[in-house]
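Need coordinates for the following:
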Amino acid sequence: MSRPGSRERKLQQAPRDHLDLGLVVRGHGRHYLVETAEGGRILCHPRGKKSDAVVGDRVRWQMTGSDEGVIEALEPRRNLLYRQDEWRSKSFAANVDQLLVLVAVEPVFSESLLSRALVAAAEAGIEARIGLNKTDLPGVAAARQRLAPYTAMGIQVFEWSLQADPAGALARLAPWLQGKTTLVLGPSGTGKSTLTNLLIPDAQAQVGEISEALNSGRHTTTHTQWYWLDAERQSGWLDSPGFQTFGIQHITPTQLAGLMPDFAAAAAAGCRFANCTHRQEPGCAVQAALKEGRIVESRYRIYLELHDELSRPPHYG
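Numbering: from 1, shown residues only. Here you go, the predicted model:
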């Protein structure tokens, strides 16, 4: 089983400065839409058999004999956000500045999925915030209570109702988005498409044009899409497909606690054993924080779930 992080070293070839530099804004199979330095977009294919580029990659490319191009090399990545289960990896985007994990009052969100996305972002070194949508619904108090531990550990939570007050949502988001490349993740039904359409009024038209260029047809919802939020092309918005699972098999059990801010803060006090798993060892600082209420039960259950999952032997069947 390979992981994007391990392949990345192979992708970072020697610079080819004589080639044009482009930005991958969409991909489907071996077809990529690359934005040129001037803002034009051209259909490109990778050189060779591998299709390793993802949205957000900077690539060196050149024209072929037709009206298409070929990707000759990838520029080094600052980061790569992806999920990985026992069977395959799914890359979301590369070179991301920040992540917005979108959840909603209804349908009731999974804290496990939320935590997995936040752990993956922490492993990639990407700042993450949470967006809570549909705050006009009766279950908002319960949703806020479930998100309280994340606020307590320093993760900012935006709140809005995209249906009842779209202008208010945009006003809250705009300062945070300016000059940054932002990836939005979330399960289906949270309002990602609604938010994207508010931020980029012609988003649906762009998707249609890109779908036609890539000949990807009905598969357009299964890939990340890059949009510009401003005419100067300084603020990027990356809309991703909804997900119902989020594997983090690229993370080791010993890394896990350090990627969960509440656990990392508790462990900083010092466990008796350097290799403490924070499960049953005596003198565990995390266990002490749990008893004192500095780590809530729901977060500890998620930690056990993820630790068990990451500790299982690899599946080879």
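
shaky segments in the stretch 101-250 of the chain?
Across the stretch 101-250 of the chain, the ranges flagged by pLDDT under 70 are 204-222.

those strands in it, which residues are they?
Using DSSP state E, counting those that start in this stretch, the strands of the stretch 101-250 of the chain run over 127-133, 157-159, 181-185, 225-228, 236-239.

For Arg146, which of the ones you listed is the nearest?
Smallest distance to Arg146 across the strands of the stretch 101-250 of the chain (C-beta to C-beta): 9.7 Å, for strand 127-133. (Glycine included, C-beta is placed from N, CA and C.)

and the strands of the stretch 101-250 of the chain as JSON lines, adding mean neighbour count?
Converted to JSON lines, those look like this (neighbours: other C-beta atoms under 10 Å):
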{"stretch": "strand 127-133", "mean neighbour count": "22"}
{"stretch": "strand 157-159", "mean neighbour count": "17"}
{"stretch": "strand 181-185", "mean neighbour count": "24"}
{"stretch": "strand 225-228", "mean neighbour count": "20"}
{"stretch": "strand 236-239", "mean neighbour count": "24"}
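
Out of those strands, which is closest to Ala266?
With respect to Ala266, and counting by C-beta to C-beta, the nearest of those is strand 127-133 at 19.8 Å.

Can you name the residues in contact with that closest one?
97-105, 114, 117-118, 121-122, 140, 143-144, 147, 150, 155-162, 173, 176, 184, 186, 190-191, 195 (C-beta atoms under 8 Å, 6 or more residues apart in numbering).

angle of it against strand 181-185?
Relative orientation of strand 127-133 and strand 181-185, computed by axes from the mean of the first three to the mean of the last three C-alpha atoms, to 10 degrees: 50 degrees.

Relative to strand 127-133, what are the paired strands and their orientations?
Counting by DSSP bridges, the strands paired with strand 127-133 are strand 98-104 (parallel), strand 157-159 (parallel).

Quickly compare these and say which is most buried.
For these, average neighbour numbers computed from mean count of other C-beta atoms under 10 Å are highest in strand 98-104, which has a mean of 23.

So which residues of this structure form helices?
Per DSSP state H, the chain carries helices over the ranges 4-11, 111-124, 140-152, 166-177, 192-199, 203-214, 253-256, 261-267, 285-291, 297-311.

Nearest to Asn79, out of the ones you listed?
For Asn79, the closest of the helices of the chain is helix 111-124, at 4.5 Å, according to C-beta to C-beta.

tell me which residues in the closest one are buried?
Across helix 111-124, burial judged by 16 or more other C-beta atoms under 10 Å covers 111, 113-124.

what's the answer for stretch 77-93, then?
By 16+ other C-beta under 10 Å, the buried positions in stretch 77-93 come out as 77, 79-85, 89-93.

gap between the two ends of it?
10 Å (C-alpha to C-alpha, to the nearest Å).

Name the strands paired with the longest strand anywhere in the chain and say parallel or antiparallel.
Using DSSP state E to define each element, the chain has its longest strand at strand 20-28. Neighbouring strands of strand 20-28 in its sheet, by DSSP bridges, are strand 31-35 (antiparallel), strand 58-63 (antiparallel).

on that earlier part again, distance to Gly27 added to the strands paired with strand 127-133, as TSV?
TSV is the format used below for these (distance: least, C-beta to C-beta, whole Å):
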stretch	distance to Gly27
strand 98-104	19
strand 157-159	29
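
can you tell which of these is closest to Val34?
strand 98-104 (23.4 Å).

Can you tell me what sits against that closest one?
Strand 98-104 is contacted by residues 81, 109, 114, 117-118, 121, 126-134, 143, 147, 158, 176, 180-187, 189-192, 195 when judged by C-beta under 8 Å, 6+ apart.

returning to what we had before: for Leu310, state which of the buried residues of helix 111-124 is nearest.
Val119 (10.1 Å).

winner for burial among the helices of the chain?
Comparing those by mean count of other C-beta under 10 Å gives helix 111-124 as most buried, with a mean of 21.

How about Glu75: what's its closest non-neighbour residue?
Distances taken as C-beta to C-beta, 6 or more residues apart in numbering place Arg58 nearest to Glu75, at 3.9 Å, with adjacent residues excluded.

what sits against that neighbour?
Leu21, Gly22, Leu23, Val24, Leu74, Glu75, Asn95.

which ones are touching Ala152?
Contacts of Ala152 by C-beta under 8 Å, 6+ apart are Asp262.

nope, Arg60 is what I was after
Arg60 is in contact with Pro15, Arg16, Leu19, Asp20, Leu21, Gly22, Ile71, Glu72, Ala73, Leu74, Glu75, counting by C-beta under 8 Å, 6+ apart.
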